[in-house]
Structures are given as C-alpha cells and as structure tokens.
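Student: Turn this into a structure:
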Amino acid sequence: MKTIVSAAALVAAGIFAIPASAANLVLYTSQPNEDAQATVDGFMAANPDIKVDWVRDGTPKIMAKLQAEIQAGNPVADILLIADVVTLERLKEDGKLLAYKSPEAAQYDAALYDADGYYYSTKLITTGIMYNTSAAMKPASWKDLTKPEAKGLVTMPSPLASGAALIHAQTLAAVPGLGWDFYKSLAENGAIAAGGNGAVLKSVASGEKAYGMVVDYLPIREKAKGAPVEFVFPSEGVSAVTEPVGILASTKNADAARKFVDYVLSEKGQEGFLKLGYIPARNGMKLPEGFAARDTIKVLPIKAAEALKNTDQDLKTFSGIYGSN
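Tutor: So this is what the prediction gives:
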C-alpha cells in the first residue's frame with residue numbers, strides 16, 4: 001500500500017521527514033498536490049514494481065528542507081521535480097546531483113536540458129497577465145500594468161515565496177525597456193507582491209484585484225471552470241520555468257530514479273502533463289485547450305548559470321522595492 005505524503009500533512013503532524021525505507025523512491029516537488037499525485041500515479045502504473053512517496057511545497061521551502069537534510073548528512077529525497085533550472089544548476093555546481101543521459105532527451109531541444117545530463121525540463125510554464133473580465137482595461141503588454149487604469153489594482157507573487165516569480169523577475173529585469181525600472185514603476189502604481197501564484201489567482205478571480213502576474217495554467221484552468229478571468233501572453237514576451245527533474249547524488253535507488261526521469265520525459269509522461277493543462281517540453285506534442293498557438297508565444301531567454309550568480313542580489317533588489325513578503 002502506497003503512502004502519499006504532502007508537506008501540509010507533515011506540518012500538521014509535526015513531522016517533516018519520511019523514513020527512507022517507506023518507499024522505493026521519494027520525490028520532492030513544487031507541483032500542486034493534485035498534479036504531483038497524478039504524476040506519481042502515472043509512473044507507478046507504468047512501473048508497478050516501484051512505489052513513490054512525495055513531499056510538496058514551494059521551491060524555496062523544498063530547497064530549505066533539502067539543504068537542512070544535506071547539512072545533517074541525511075538527505076531523504078531521491079528525485080527533485082521543482083520549478084526552475086536555476087535551482088538545479090546550483091545543486092549541480094555543488095555536486096549534489098547525479099548525471100544521467102536519458103535516451104528520451106533526443107526528443108527535446110538542447111536548450112531544455114543540461115548537456116551533462118544533470119537535469120531535464122519537463123514542461124513550459126510561462127508567466128503572463130491575468131485579468132478579471134470586469135476590469136476596465138484589457139492589458140496586452142507588461143507596461144499596461146503601469147498605466148493609471150491599473151493603479152492599485154495589480155498583484156503578483158513574491159520571488160521570496162515562488163521560484164517561478166524569481167525566474168520571472170530575473171527574466172524581465174534583463175529585457176531592454178523593462179528591467180528593474182519596470183518593477184519600480186509597478187510599485188509606484190500601487191502594485192503589491194506577496195505569497196505565491198495561488199494567492200494571485202484567488203485575488204483576481206474574486207475581483208479583489210483586477211490584474212495579476214501569474215503562471216499560465218492557473219487562470220486558464222479556472223476560466224474553463226467558469227471563473228471570470230482571462231489570460232494574456234504579453235507582447236514583449238513571457239518568462240518560463242520548465243519544472244526540471246533531477247536525481248540526487250545521494251540516492252540509494254539510482255536505477256528506479258532513472259526510470260522516473262525516463263517516464264516523465266517519455267511521450268506517455270508528457271501526455272500526462274498535457275492532460276493536467278501544461279505545455280509539454282517534448283517536441284511534437286499538442287498544447288492544452290485554451291492556450292495560444294505555440295508559435296505565437298514569445299518565450300524570453302534566461303541563462304541559468306548567470307541567473308544563479310545574480311540570485312542573491314536580485315532578491316535584495318526586489319525586496320528593496322516591495323519589502324520582504
């Protein structure tokens with residue numbers, strides 16, 4: 001009988017660890033709970049001899065937990081499936097990941113995985129603009145959020161709580177004509193930054209705020225359920241996190257972990273992400289219903305190693321504008 005563990009359940013129980021013997025594999029992930037469960041269920045259906053336990057939280061909290069375990073000499077996770085390549089690049093540079101050349105990589109653009117095989121992107125999760133359908137202005141660009149019509153009506157997740165929000169800030173900060181001046185203009189226009197993407201979704205869907213920076217699948221899913229929201233891929237382009245998968249060098253279940261990597265990169269695994277409403281990273285896959293055509297979505301570039309080097313300063317810059325929320 002499998003054991004499914006979420007971070008919330010662990011906190012409620014006053015426990016934040018899983019016995020290593022509880023399963024063949026332990027996955028740490030930043031996927032929403034339902035998506036994590038679906039991913040694990042799909043893998044176990046394809047690999048009935050392997051059981052998986054999982055812990056879910058935002059990427060910063062998952063990494064704090066993992067780093068504490070590493071320092072204590074007892075890392076529990078075998079596999080990571082978290083928001084961004086910058087985080088896994090840090091682990092790679094620290095020698096904490098196991099290299100694996102998956103045969104499935106042949107079906108991916110080289111820019112979507114580490115050349116040495118330490119991590120692989122599994123999907124494209126862009127950050128754009130959502131708005132409540134009652135909003136007076138229908139935004140088409142990032143700069144529209146700095147207009148008087150949006151004064152005091154914009155919310156966004158904080159990079160201190162969301163890995164996707166950090167990548168988004170670092171990406172826009174490097175775009176000519178936007179940069180950190182754009183974030184300063186947003187703050188001067190009354191924008192707030194706090195919590196994660198889920199809080200932004202609730203705020204805009206409820207009408208508390210009219211506009212939000214948010215990951216694409218949340219408002220697209222909610223619109224399909226009847227929520228009064230729309231999602232826009234801004235004209236300047238969007239940032240993207242790719243939810244990479246990587247194997248911890250400390251794993252005692254390397255063969256099973258390699259099978260997990262192969263599964264999430266396989267056509268079957270990618271179809272699972274498609275059904276959940278994500279843009280698959282694998283070439284030749286369809287897009288979820290409700291998304292713009294892939295060739296109309298301009299994904300802005302980010303260099304993982306450079307972003308990693310700048311992370312601490314970028315967090316300080318953001319906090320200097322919006323505070324430590």
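Student: give the contact list for G272.
Tutor: Listed by Cβ atoms under 8 Å, 6 or more residues apart in numbering, the contact set of G272 reads 38-39, 42. C-beta coordinates here come from the backbone N, C-alpha and C atoms, glycine included.
Student: If we use 10 Å, what do you get?
Tutor: 35, 38-39, 41-43, 45-46, 122, 263-264, 266, 278, 280 (Cβ atoms under 10 Å, 6 or more residues apart in numbering).
Student: where do the helices sit along the stretch 151-300 of the chain?
Tutor: Assigned by DSSP state H, counting those that start in this stretch, the helices in the stretch 151-300 of the chain fall at 163-173, 179-188, 197-205, 217-224, 254-265, 267-275.
Student: Next, the buried residues of the last one.
Tutor: Think helix 267-275. For helix 267-275, the neighbour count (16 or more other Cβ atoms under 10 Å) marks 269-270, 272-274 as buried.
Student: low-scoring stretches of the stretch 1-150 of the chain, by residue?
Tutor: Residue ranges of the stretch 1-150 of the chain with pLDDT under 70: 1-23.
Student: Now do the strands in it.
Tutor: For the stretch 1-150 of the chain, the strands defined by DSSP state E, counting those that start in this stretch cover 25-29, 52-56, 79-81, 97-98, 123-132.
Student: In TSV, list these along with mean neighbour count.
Tutor: Listed next are the strands of the stretch 1-150 of the chain as TSV, based on neighbours: other Cβ atoms under 10 Å:
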stretch	mean neighbour count
strand 25-29	25
strand 52-56	24
strand 79-81	25
strand 97-98	22
strand 123-132	25
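Student: still on that earlier bit, just give me the closest of the buried residues of helix 267-275 to G320.
Tutor: F273 (36.3 Å; Cβ to Cβ).
Student: surely that closest one meets Y263?
Tutor: No - F273 lies out of contact with Y263 (Cβ atoms under 10 Å); the separation is 11.3 Å.
Student: one step back: looking at the helices of the stretch 151-300 of the chain, which is closest to Q31?
Tutor: So among the helices of the stretch 151-300 of the chain, helix 267-275 is nearest, using Cβ to Cβ, at 9.6 Å.
Student: how about that closest one as CSV, C-alpha atoms only?
Tutor: The C-alpha coordinates for helix 267-275 follow below in CSV (Å, rounded to 0.1, in the frame of the first residue of the first chain):
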residue,chain,number,x,y,z
GLU,A,267,5.6,10.6,-24.6
LYS,A,268,3.3,8.9,-22.1
GLY,A,269,4.6,11.0,-19.2
GLN,A,270,4.3,14.2,-21.3
GLU,A,271,0.8,13.3,-22.2
GLY,A,272,0.1,13.2,-18.5
PHE,A,273,1.3,16.8,-18.2
LEU,A,274,-0.7,17.8,-21.2
LYS,A,275,-3.9,16.4,-19.6
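Student: Between strand 123-132 and that helix, find me the angle.
Tutor: Following axes from the mean of the first three to the mean of the last three Cα atoms, to 10 degrees, one obtains 10 degrees for the angle between helix 267-275 and strand 123-132.
Student: Show me what the lengthiest helix in the chain is packed up against.
Tutor: Longest helix of the chain, by residue count under DSSP state H: helix 304-322. When contacts are defined as 3 or more Cβ pairs under 10 Å, 6 or more residues apart in numbering; DSSP states H and E, helix 304-322 packs onto helix 85-93, helix 163-173, helix 179-188, strand 192-193.
Student: before we move on, back to that, just the buried residues of helix 267-275 now: which is nearest K223?
Tutor: Distances from K223 to those, taken by Cβ to Cβ, are shortest for L274, at 17.6 Å.
Student: any idea how far K151 is from S250?
Tutor: Using Cβ to Cβ, to the nearest Å, K151 is found at 50 Å from S250.
Student: and what of M156?
Tutor: For M156, the distance to S250 equals 35 Å [Cβ to Cβ].
Student: and those two? which has more neighbours close in?
Tutor: Higher neighbour count among M156 and S250: M156, with 29 against 16, using other Cβ atoms under 10 Å.
Student: give the contact list for the more buried one.
Tutor: Shown in contact with M156 (Cβ under 10 Å, 6+ apart): 127, 129, 145, 162, 165, 168-169, 183, 186, 191-195, 197, 199-200, 203, 209, 211-214, 322.
Student: Am I right that K96 is in contact with Q71?
Tutor: No - in this structure K96 lies outside contact range of Q71 using Cβ under 10 Å: 11.5 Å.
Student: the more surrounded of these two?
Tutor: Between K96 and Q71, counted using other Cβ under 10 Å, the more crowded position is K96 (19 against 9).
Student: quick one, what contacts the more buried one?
Tutor: Contacts of K96 (Cβ under 10 Å, 6+ apart): 66-67, 70, 75, 80, 88, 90, 118, 246, 248-250.
Student: what's the most distant pair in those?
Tutor: Among the contacts of K96, Q67 and Y118 lie farthest apart (Cβ to Cβ), at 17.3 Å.
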